[in-house]
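>>> show me how the following folds:
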Amino acid sequence: MERKLIRGDTVEEQISSIDRILHSHQGKLGKKIVGLIPPIPIMHSARTIDEDGRIFAAVLPVKGRISTACFSIGKYNKRTAILEASLTHADDSVSAKRFTCRKPVEIFDTDLPVQVGDVLRINAADPTALTDVLVGILLHAELSQATAASQMYEEILKLQGANHASEN
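Numbers count the residues shown, from 1 in each chain. As a prediction, the model looks like this:
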């Protein structure tokens with residue numbers, strides 16, 4: 001005869017059985033909690049492009065990496081548009097990447113490492129090639145940049161204690 005782990009004839013009895021099993025293993029469960037730090041979205045809209053081709057410029061306040069760049073081109077005045085993303089670092093060195101856009105929406109994997117204070121610029125190689133540009137960038141901060149991660153475990157314990165108190 002097979003032994004049933006969950007006992008009870010009704011749903012309520014089975015839930016109570018599961019609850020007893022979980023409570024009996026509560027002290028044996030690991031104390032590891034994983035906190036996720038979502039990427040920081042950076043967005044910009046440019047209806048017209050400056051004569052020098054500048055679409056967007058920003059200083060980045062965290063160390064990490066830019067994983068994805070997304071461009072939505074409202075109107076192509078030529079068949080293709082070349083966008084250039086450049087990072088100017090604190091030592092005045094420059095990292096650059098070129099993106100060739102041919103469709104209304106283009107998504108690129110970039111994996112550009114960034115440092116605190118780097119300046120990100122996005123320019124059009126030919127300012128007359130496009131208008132109405134939307135820019136979306138995902139910036140992943142390094143874990144060392146996160147301050148809330150050290151408080152999460154304590155907050156979870158507080159919530160767990162509040163839930164147990166409300167049950168009694």
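
>>> from here on, contacts and neighbour counts on C-alpha atoms
OK.

>>> what residue ranges in the chain are flagged as low confidence?
Along the chain, segments meeting pLDDT under 70 span 1-3, 27-35, 145-154, 156, 160-168.

>>> need phi/psi at the residue sitting nearest the centre point of the chain.
Centroid-nearest residue in the chain: residue 39, 1.7 Å away (criterion: C-alpha atoms, centre = their mean). In terms of degrees, to the nearest 10, the main-chain angles of residue 39 are phi -70, psi 160.

>>> so the nearest residue to it once chain neighbours are set aside is in which element?
Using C-alpha to C-alpha, 6 or more residues apart in numbering and skipping residues adjacent in sequence, the residue nearest residue 39 is residue 140, 4.5 Å away. Assessed by DSSP states H and E, residue 140 sits inside strand 130-141.

>>> right, and the secondary structure at residue 12 would be what?
helix (DSSP: H, G, I helix; E, B strand; the rest coil).

>>> who's in contact with it?
Neighbouring residues of residue 12 by C-alpha atoms under 8 Å, 6 or more residues apart in numbering: there are none.

>>> tell me where the protein has strands.
Shown for the chain, the strands assigned by DSSP state E span residues 40-46, 54-59, 64-76, 81-88, 94-101, 105-114, 119-124, 130-141.

>>> in JSON lines: those, plus mean neighbour count and distance to residue 155.
Shown next, in JSON lines, are the strands of the chain (neighbours: other C-alpha atoms under 10 Å; distance: least, C-alpha to C-alpha, whole Å):
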{"stretch": "strand 40-46", "mean neighbour count": "14", "distance to residue 155": "23"}
{"stretch": "strand 54-59", "mean neighbour count": "17", "distance to residue 155": "32"}
{"stretch": "strand 64-76", "mean neighbour count": "18", "distance to residue 155": "26"}
{"stretch": "strand 81-88", "mean neighbour count": "20", "distance to residue 155": "37"}
{"stretch": "strand 94-101", "mean neighbour count": "15", "distance to residue 155": "40"}
{"stretch": "strand 105-114", "mean neighbour count": "16", "distance to residue 155": "31"}
{"stretch": "strand 119-124", "mean neighbour count": "20", "distance to residue 155": "35"}
{"stretch": "strand 130-141", "mean neighbour count": "19", "distance to residue 155": "22"}
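
>>> would you list those strands in a markdown table and tack on distance to residue 15?
Shown next, in a markdown table, are those (distance: least, C-alpha to C-alpha, whole Å):
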| stretch | distance to residue 15 |
| --- | --- |
| strand 40-46 | 40 |
| strand 54-59 | 53 |
| strand 64-76 | 44 |
| strand 81-88 | 56 |
| strand 94-101 | 55 |
| strand 105-114 | 46 |
| strand 119-124 | 54 |
| strand 130-141 | 41 |
